[in-house]
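1. Sharing a sequence plus its predicted fold:
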Amino acid sequence: MQRFNRAMVLCVGLLASLTVSAKVTEYQLENGLKLVVQEDHRAPVVISQVWYKVGSSYETNGITGVSHVLEHMMFKGTKKFAPGEFSRIISANGGRENAFTSRDYTAYFQRLEKSRLKVSFEMEADRMRGLQLSDKEFQKEVRVVMEERRLRTEDKPESATYEQFNSVASMTSPYRTPVIGWMNDLQNMKVDDLAVWYQRWYAPNNATVVVAGDVKADEVYQLAKQYFGPLKPSANLQPPKPQIEPEQKGQRRIKVKMPAQLPYLIMGYPVPSLKVAEHEWEAYALEVLAGILDGGTSARLPTRLVREQGVLTSTGAGYTLSARLKSMFLLEGVPAQGHTVKETEAALLKEIKLLQTEKVSKDELDRIKAQVVASNVYERDSIFYQAMQVGTYETVGLGWKRLDDYVAKIQAVTAEQVQQVAVKYLIEDKLTVAELMPLPMDKKSAPKKTGGSHGHH
């Protein structure tokens, strides 16, 4: 299912790991900016990305959504460039650009012909410290974000259920708040909230610039020194508080009642990410476990629950290896006609039980690993995904060098280890379950078709 694009997550890791060691050079500027350059000379293209170590998990109650609203405002002008000019110039140079906010980072991307890198650097450096936050532009943009929230979350039953699930699954983890923010916080947000946030986090000593493509590392470094070098670091860069989740002492259940066409179930268990795992192999074993359940059409959930038993019309499992904090292992399902949410939950729990009681066969394990390793992300814009992985690993604190381990670590996962993590982490007393109970649809509440993540376009 879309929310846990398993194949994508797995292949991105693989692709980066196969190619990341090709030619990666890392530099640090005097003002604290980190630059990572990955040379890839297959096409005369360059990907330029600026990653800031700030996202919704850095926010406190009352200002949720501030990182995402600021991301929108980053296109609204500096002394040098008028509102909208940034996008116009990139486009005039034959480039494409985008930005997005997540729990752990806010990132800005351009894809350009290789000789145009300085266009990107000049404008990114300018808005890193020189953004002009006008109240007029802010009032317009925050309304755009509120409308986005209505369309993508409040009017989409599954998304609304997932949001409520998250807020119950954690008590203190900042992952419990939605990236887009709570509506009340957006309604009460002031342009000054953004100014404080921007001054604190948008600085060279809190940023990683990742460049991948047909470039020479030392030339990119000289360019970075020219444009980013003069910028002043942030003086009050306090790392976020740990906000470690207290131990869960029993199941948590919620029901969400809203107009919807179909019932839906989402459930999850707290699990470590690679960053916080007690033993790093556990994170790779969880990655393989997610692949066994939902890594392509031959995986267990779609094969057994959709095609063979016909209990569900769709199902998925998801795990994020590269999160900054403790993560969740998620399972979801939509019951087929004539089946209930209760049967959906029973069917999913039965699959978990099997993983705990029976070791995965060598054939199945090898097949899943091969799929992880051979997935054809190559057909996608692979230079872009390589840079994405480097940026993600750097920003969550893993460091890009860990990407080199990915394939070997996945290959090393044993059937015993898969069983061990299933027994250790997928515990019924640690489970959170959210059920969407459909109310009748009226004309007004028919779901609107929208898509995408929290990006700029």
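-> Right, received. Where do you want to start? Here the structure is a predicted model, which is why all the values come from computation and not from measurement. Residues are numbered from 1 along each chain as shown.
2. Is there a neighbour count for residue 252? I'd like the number.
-> Applying other C-beta atoms under 10 Å, we find 16 residues neighbouring residue 252. Backbone N, C-alpha and C define where each C-beta goes, glycine included.
3. correct me, but it touches residue 433?
-> Yes: counting by C-beta atoms under 8 Å, residue 252 does reach residue 433; the two are 7.4 Å apart.
4. Count the neighbours of residue 140 for me.
-> Neighbours of residue 140 (other C-beta under 10 Å): 14.
5. Where does it fall, secondary structure wise?
-> In the assignment (DSSP states H and E), residue 140 maps to helix 135-149.
6. got a list of what residue 232 touches?
-> Counting by C-beta atoms under 8 Å, 6 or more residues apart in numbering, residue 232 touches 31, 129, 203-204.
7. Which SSE is immediately downstream of the longest helix belonging to the chain?
-> Counting by DSSP state H, the longest helix found in the chain is helix 341-357. Scanning forward in sequence from helix 341-357 by DSSP H and E, the next helix or strand is helix 362-374.
8. Off-centre distance for that next one?
-> 24 Å (C-alpha atoms, centre = their mean, to the nearest Å).
9. Now it: average pLDDT?
-> For helix 362-374, mean pLDDT is 86.
10. ok, back up a step: against which helices or strands is the helix holding residue 140 packed?
-> In terms of contacts (3 or more C-beta pairs under 8 Å, 6 or more residues apart in numbering; DSSP states H and E), helix 135-149 is packed against helix 66-73, helix 183-187, helix 191-201.
11. just so I know, which of these lies nearest residue 93?
-> helix 66-73 (21.6 Å; C-beta to C-beta).
12. Touching the closest one from outside, list them.
-> 54-56, 58-59, 99-101, 106, 108, 131, 133, 137-138, 141-142, 144-145, 179-181, 185-186, 189, 193-194, 197-198, 202, 454, 456.
13. That one: how far from the chain's middle?
-> Per C-alpha atoms, centre = their mean, the centroid offset for helix 66-73 relative to its chain is 16 Å.
14. ranges for the strands of the chain?
-> All strands of the chain, identified by DSSP state E, fall at 24-28, 34-39, 45-52, 96-101, 106-113, 207-213, 252-259, 264-271, 312-318, 327-335, 432-439.
15. Of the helices and strands packed on helix 135-149, which stretch is the most buried?
-> helix 66-73 (a mean of 25; mean count of other C-beta atoms under 10 Å).
16. Tell me the confidence at the closest residue to residue 367 other than its chain neighbours?
-> The shortest distance from residue 367 to any non-neighbouring residue, by C-beta to C-beta, 6 or more residues apart in numbering, is to residue 298 (7.1 Å). The model reports residue 298 with a pLDDT of 89.
17. Could you list the single helix or strand in this structure with the lowest mean pLDDT?
-> helix 6-19 (a mean of 41; mean pLDDT, DSSP states H and E).
18. thinking residue 275 is in contact with residue 327, fair?
-> No: with contacts counted by C-beta under 8 Å, residue 275 stays clear of residue 327, the gap being 9.1 Å.
19. And the two? Which one has more around it.
-> More crowded of residue 275 and residue 327, by other C-beta under 10 Å: residue 327, with 27 against 20.
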